[in-house]
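Visitor: following is a predicted model, sequence given first.
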Amino acid sequence: MCHTGANVLVRGIEMGCISIPLHNVNLKSDLVTGLVQLGVCKRLPVDNVGLILGNDLAGGNVFPSPIVVSKPTVCDSPDVSATHPLAFPACAVTRSQSRSFQDVVDLSDSFLSGQPKLVECKLSEDELVSEHDSQLPVELHSIVGREHLAAAQNFDPSLVNCISAAVDSRNLLLTKVAYFWDDGILMRKWQPMFSDGGDWQTVYQIVLPSSYRSHVLKLAHANVLAGHLGVTKTFQRIVKHFYWPGIKSAVSRYCRSCDICQRAGKPNQTIPKAPLQPIPVIGEPFERLVIDCVGPLPKSKHGHQYILTIMCTATRYPEAIPLRTLKAQVVLREVVRFCTTFGLPRVIQTDQGSNFTLKVFGQMLKELGIKHHMSSAYHPESQGAVERFHQTLKTLLRTFCIETGKDWVDGLPLLMFAVRESVQESLGFSPAELVFAHTVRGPLKLLKEQLIGKDSAPISVLDYVSSFRERLHKACELARAHLSMVQSKMKVHFDKRTVQRRFQPGESVLVLLPIPGCALQAKFSGPYVIEQKLSETDCVVGTPDRRRKNRVCHINMLKSYVARDSTKPTILSVPLSKPCYSSS
């Protein structure tokens, strides 16, 4: 005799269920001979009996088997339903089931129909409530009887005019809309606006008292079977059964103050953009710099996969520096190197990237006497000039790699020359002309000189300095005028579809923020409170549930949050005797 490693569930006459080990035993008897599996226990309920052998009518192939094993096994026994068709009922199966599981034995009259008391599983109160709510979409606890509804109607001051306008039920055929009493319940006869006047379109509505309205609104809009539809569909759903004075405005307020609907949003309810605020035209070259990063790009043979871009807002003069990493120390080193050529700016503007928000970055700029301005989060329009330059630069790099087959790092200096030499549309001059006050000597100018075959006449230093200052002054003046004109035209075109919105400190808003763990996906979060108003388009919003407790947000990322009145009328709060209004 050897243990099989499995146990079997056995229920005795006392109806107790126990688990006993199975052993392989060589049995020799008049009924069964050979190697069989037996359950072995210390003693049996009958004295002087060493073996209890039962009659297995199903041939040992009953499913499910009462044998308990640590790992499930596949049954290779023959299909006894074919040989004993009367022992198994017919049943429907799915195509995904295997053949061995298609014939399920009805065990309702066997000992397996009960639940063996082996393990006591206890659920917490919260789990029981959640399980109950998931199976009960309609709030039955809010439904009361006819008697209470009649009493609530008679004691509701908002239904005084409706009660006084009630007509005799025998006169309903003479009018399309009328109030009437139906066995003590105030009802309303009504026909939809687009109806042919037939009786088949007549609707008989219950005139709801105030204590019932919030429950009806919740069932019609926020219930799992309602789907959080809009104002019109929710209103049409309610008026098929209920009515009360001011129902349209009540439905509108309820739907617009729904927390789920406000945070989820709808595709046809986009936030209108605020009017364009052009960046002021800066006169001094390199007085204000905009810094940003591009990448990751395909790693070059030297390990570069990022680009640090620096642009002067006055001249649109760009600089692109390849980097292996975007650490704050590396970025600072390249910025200082750029400033050693063109001088220290007064202001450096960046986005809210982690490498720009570190203390070491701000401390270094403070020591250099440079103000650090950060643009609004998730609002790239704040740095529109450098973002547009990124688009051009990526296109040029892709074209260079396709044409030459070389690394993008090899073509970066050549492409930067092309960008600096080309005329900037908003300025009317090339960045190189506004910085160096002359046209740089490029391939076209070189070809022109070869075709003419004449060298330029020598000029004295005094004349060169004088003409240089005059050209630079005139070029910068014309560039500022041209930029102002372009910005004005752009604002007129942009503001055609904008809406002027204003928020004040203390207002509750929803903020379009990225989903934690998904930087490229965003949703409306909140509600949050505006702490400070920086300008007509920027506000400081407190986000206590996030890692950053407050942040600067552009107005295009905000929308007003409509809070719902937390007071809930209680049903059954009216007396059932002495009504103020009679139904007679």
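Guide: Good, I have the coordinates. It should be emphasised that the depicted structure is a prediction, and the values quoted were computed from it without experimental measurement. Numbers count the residues shown, from 1 in each chain.
Visitor: does Cys261 touch Gly227 like I think?
Guide: No - assessed by CB atoms under 8 Å, Cys261 is found out of contact with Gly227, at 10.6 Å. The way it works is simple: take the backbone N, C-alpha and C, and place the C-beta from them, glycine included.
Visitor: doesn't Leu172 lie inside a helix?
Guide: Yes - looking at Leu172 with DSSP: H, G, I helix; E, B strand; the rest coil, it is inside a helix.
Visitor: who are the neighbours in contact with the nearest residue to it once chain neighbours are set aside?
Guide: Spatially, and ignoring its direct neighbours in sequence, Leu172 is nearest to Lys189 (5.5 Å; CB to CB, 6 or more residues apart in numbering). Applying CB atoms under 8 Å, 6 or more residues apart in numbering, we find Lys189 in contact with 172, 175-180, 202-205.
Visitor: check which element follows the helix or strand hosting Lys189 along the chain.
Guide: When elements are assigned from DSSP states H and E, Lys189 belongs to strand 185-190. As assigned by DSSP H and E, the chain's next helix or strand after strand 185-190 is strand 203-207.
Visitor: pLDDT (mean, whole number) over the very next helix or strand once past that following strand?
Guide: Counting by DSSP H and E, the element after strand 203-207 in chain order, helix or strand, is helix 210-217. Here helix 210-217 scores 88 as its mean pLDDT.
Visitor: enumerate the positions of the next helix or strand after helix 210-217 that are buried.
Guide: Proceeding N to C from helix 210-217, the next assigned helix or strand is helix 231-239, under DSSP H and E. Within helix 231-239, the residues that qualify as buried are 231, 234-235, 237-239, counting by 16 or more other CB atoms under 10 Å.
Visitor: buried only: go through the contacts of Lys189 for me.
Guide: Burial by neighbour count, judged by 16+ other CB under 10 Å, picks out 172, 178-180, 205 from the contacts of Lys189.
Visitor: can you pick out the residue with more neighbours from Cys261 and Gly227?
Guide: Between Cys261 and Gly227, counting by other CB atoms under 10 Å, Cys261 is the more crowded of the two (19 against 10).
Visitor: roughly how far is the helix or strand containing that one from the heart of the chain?
Guide: For Cys261, the element it lies in under DSSP H and E is helix 259-264. Remark: helix 259-264 is offset 10 Å from the chain centroid, using CA atoms, centre = their mean, to the nearest Å.
Visitor: going forward, the N-terminal residue is numbered 11.
Guide: Understood, numbering begins at 11; the last thing we discussed is helix 269-274.
Visitor: list the helices and strands it packs on?
Guide: With contacts defined as 3 or more CB pairs under 8 Å, 6 or more residues apart in numbering; DSSP states H and E, helix 269-274 has these neighbours: strand 528-543.
Visitor: list the beta-bridge partners for the spatially most central residue of the chain.
Guide: Residue closest to the average C-alpha location in the chain (CA atoms, centre = their mean): Lys533, at 4.1 Å. According to DSSP bridges, the residues that bridge with Lys533 are Leu523.
Visitor: quick one: which of the contacts of Lys199 is nearest Tyr264?
Guide: Gln215 (17.9 Å; CB to CB).
Visitor: re earlier: any chance of the buried residues of helix 241-249 in JSON lines, plus distance to Arg343 and pLDDT?
Guide: Formatted as JSON lines, the buried residues of helix 241-249 follow (distance: CB to CB, whole Å; pLDDT from 0 to 100):
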{"residue": "Val241", "distance to Arg343": "58", "pLDDT": "88"}
{"residue": "Thr244", "distance to Arg343": "60", "pLDDT": "90"}
{"residue": "Phe245", "distance to Arg343": "64", "pLDDT": "90"}
{"residue": "Arg247", "distance to Arg343": "65", "pLDDT": "89"}
{"residue": "Ile248", "distance to Arg343": "67", "pLDDT": "90"}
{"residue": "Val249", "distance to Arg343": "70", "pLDDT": "89"}
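Visitor: what's the closest of those to Gln362?
Guide: Looking across the buried residues of helix 241-249 and measuring by CB to CB, the closest to Gln362 is Val241, at 37.3 Å.
Visitor: would you check that the closest one makes contact with Ser259?
Guide: No - using CB under 8 Å, Val241 is not in contact with Ser259, being 9.9 Å away.
Visitor: pLDDT score for Trp254?
Guide: 90.
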